[in-house]
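S.K.: sequence first, then the predicted structure, then my questions.
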Amino acid sequence: MTKYGLMASFKCSGSWRTGWCASASKSVLSNHALKSLAPTLCLAGVMTYALADELRNFVAGVFIPQYHFPYAVALCFAQVLITLLVLNLLHVLDVVPLKRYSRSLGEKVLVPSIGISTHAVLAMWAKANSSHISLFSLTQPLLPIATVAFSFCQKLASPPSLVVPISILSGTSLLVTACRGLSDVEPLEYMYAPLALILHSLSLTWLAKVSEAERRNSPDAQASVFDIYYVQLVNQSCLLGLLWLLHPDSPRQVLGHGSWRSLLFHGYLLAILLLGMALNFLVGALALRVSPLAAALLHSARPLVQPFLLLL
């Protein structure tokens, strides 16, 4: 190589190093900026989730009594089908990579599929049959505590510094809600509310356990968050579909009682299903990617904070 060639290669390598250093410094600065903005972004995300949850409850509170549509199993089944449709559409558009349904992975997430399906039906039943302040709203602040307990049983890491503050916050929120008084409580709520709490917390920790086990696999055999969530949805669709066929509110009865010619009926129904789809995905993705405690805190953020806001 000639002298000029060596000088040119040195200049190129120097310019490459300069460009690489500049890009590296920019990425470091952006990471520092993101870290400084992380609390604000988390607070904005929690507030957005709480507002969307409040909107869904409001729409369900108007839609169910107005159109006499208290069919919890049918609504949950339709929501799962819409979520599957959206995920498959995003996969076709090359937005979300999805693997085919895996039988082994389906067996691993069978327990959370049953738990989440049962919890969804019970929560929808509570919206259709209970008052604003019910046993379900009373037990919701206990979800983080129950999740920490199940995480300890399944040997999942939970930040010990957060356990005591969360326990105090959950207990105080429970006392404030109870002091406001409960309206007429359905007898079945005494069984359904604790059962929904246990199943939801168990499902979140089980999903986190499955995700943790998948991350230990090789990259080729590793299932992503979307893969695990997709397999869980397929299980849920089978379970809820079978439950709907066996339920006294049969598909013929549900389809016969709907005001299907009303555009307002379709608007309310789509709002409930789409909001529920987005909220459930956020909770499930957070349990799979971050921790079950973070998912439980996000899901119970509104019932945790709302009693204190009402005291102001």
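M.R.: The structure has been received and is ready for your questions. Treat the numbers as computed from the prediction; the structure is a model and nothing was measured. Numbers count the residues shown, from 1 in each chain.

S.K.: number of nearby residues for Val164?
M.R.: 9 (other C-beta atoms under 10 Å). Glycine gets a C-beta too; all of them are placed from N, C-alpha and C.

S.K.: scratch that, Leu243 is what I was asking about
M.R.: Using other C-beta under 10 Å, Leu243 has 16 neighbouring residues.

S.K.: test my guess that it contacts Val73.
M.R.: Yes. Under the criterion of C-beta atoms under 8 Å, Leu243 makes contact with Val73 at 5.5 Å.

S.K.: overlap in contacts, these two.
M.R.: Each of Val121 lies in contact with both Leu243 and Val73 under the rule C-beta atoms under 8 Å, 6 or more residues apart in numbering.

S.K.: next secondary structure after the particular helix or strand that has Ile228 in it?
M.R.: Using DSSP states H and E, Ile228 maps to helix 225-246. Per DSSP H and E, helix 225-246 leads on to helix 251-257 as the next helix or strand towards the C-terminus.

S.K.: low-confidence stretches in this protein?
M.R.: 1-38, 130-133, 158-161, 180-184, 307-312 (pLDDT under 70).

S.K.: all helices for it, in order.
M.R.: 3-67, 72-92, 103-108, 110-129, 135-139, 143-153, 160-179, 189-215, 225-246, 251-257, 263-289, 292-299, 301-311 (DSSP state H).

S.K.: still on that earlier bit, just the C-alpha atoms of the helix holding Ile228, please, in PDB.
M.R.: Extracted in PDB, the C-alpha atoms of helix 225-246 (Å, rounded to 0.1, in the frame of the first residue of the first chain):
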ATOM      1  CA  VAL A 225     -44.000 -11.700  24.600                       C
ATOM      2  CA  PHE A 226     -46.400 -11.600  21.700                       C
ATOM      3  CA  ASP A 227     -46.000 -15.300  21.100                       C
ATOM      4  CA  ILE A 228     -46.900 -16.100  24.800                       C
ATOM      5  CA  TYR A 229     -49.800 -13.700  24.800                       C
ATOM      6  CA  TYR A 230     -51.100 -15.000  21.400                       C
ATOM      7  CA  VAL A 231     -51.000 -18.600  22.700                       C
ATOM      8  CA  GLN A 232     -52.800 -17.600  25.900                       C
ATOM      9  CA  LEU A 233     -55.500 -15.900  23.800                       C
ATOM     10  CA  VAL A 234     -56.000 -19.000  21.700                       C
ATOM     11  CA  ASN A 235     -56.500 -21.000  24.900                       C
ATOM     12  CA  GLN A 236     -58.900 -18.400  26.200                       C
ATOM     13  CA  SER A 237     -61.000 -18.500  23.000                       C
ATOM     14  CA  CYS A 238     -61.400 -22.200  23.300                       C
ATOM     15  CA  LEU A 239     -62.300 -22.100  27.000                       C
ATOM     16  CA  LEU A 240     -64.700 -19.100  26.600                       C
ATOM     17  CA  GLY A 241     -66.300 -20.600  23.500                       C
ATOM     18  CA  LEU A 242     -66.900 -23.900  25.300                       C
ATOM     19  CA  LEU A 243     -68.300 -22.100  28.300                       C
ATOM     20  CA  TRP A 244     -70.600 -20.000  26.200                       C
ATOM     21  CA  LEU A 245     -72.000 -23.100  24.500                       C
ATOM     22  CA  LEU A 246     -72.700 -24.700  27.900                       C
END
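
S.K.: quick one: that helix to helix 72-92, angle?
M.R.: Relative orientation of helix 225-246 versus helix 72-92 (axes from the mean of the first three to the mean of the last three C-alpha atoms, to 10 degrees): 150 degrees.

S.K.: tell me the buried residues in helix 225-246?
M.R.: The neighbour-count check on helix 225-246 (16 or more other C-beta atoms under 10 Å) flags 225-237, 239-240, 243-244 as buried.

S.K.: same question, stretch 271-286
M.R.: Applying 16+ other C-beta under 10 Å to stretch 271-286 flags 271-273, 275-277, 279-286 as buried.

S.K.: only alpha carbons, please: show that stretch as PDB.
M.R.: Output of stretch 271-286 as PDB, limited to C-alpha atoms (Å, rounded to 0.1, in the frame of the first residue of the first chain):
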ATOM      1  CA  ALA A 271     -65.900   0.800  22.700                       C
ATOM      2  CA  ILE A 272     -66.200  -1.800  25.500                       C
ATOM      3  CA  LEU A 273     -64.400  -4.500  23.500                       C
ATOM      4  CA  LEU A 274     -61.600  -2.300  22.100                       C
ATOM      5  CA  LEU A 275     -60.900  -0.600  25.400                       C
ATOM      6  CA  GLY A 276     -60.900  -4.000  27.200                       C
ATOM      7  CA  MET A 277     -58.600  -5.400  24.600                       C
ATOM      8  CA  ALA A 278     -56.100  -2.600  25.000                       C
ATOM      9  CA  LEU A 279     -56.200  -2.600  28.800                       C
ATOM     10  CA  ASN A 280     -55.800  -6.400  29.000                       C
ATOM     11  CA  PHE A 281     -52.900  -6.400  26.600                       C
ATOM     12  CA  LEU A 282     -51.000  -3.700  28.600                       C
ATOM     13  CA  VAL A 283     -51.400  -5.700  31.800                       C
ATOM     14  CA  GLY A 284     -50.400  -8.900  30.200                       C
ATOM     15  CA  ALA A 285     -47.400  -7.500  28.400                       C
ATOM     16  CA  LEU A 286     -46.300  -5.800  31.600                       C
END
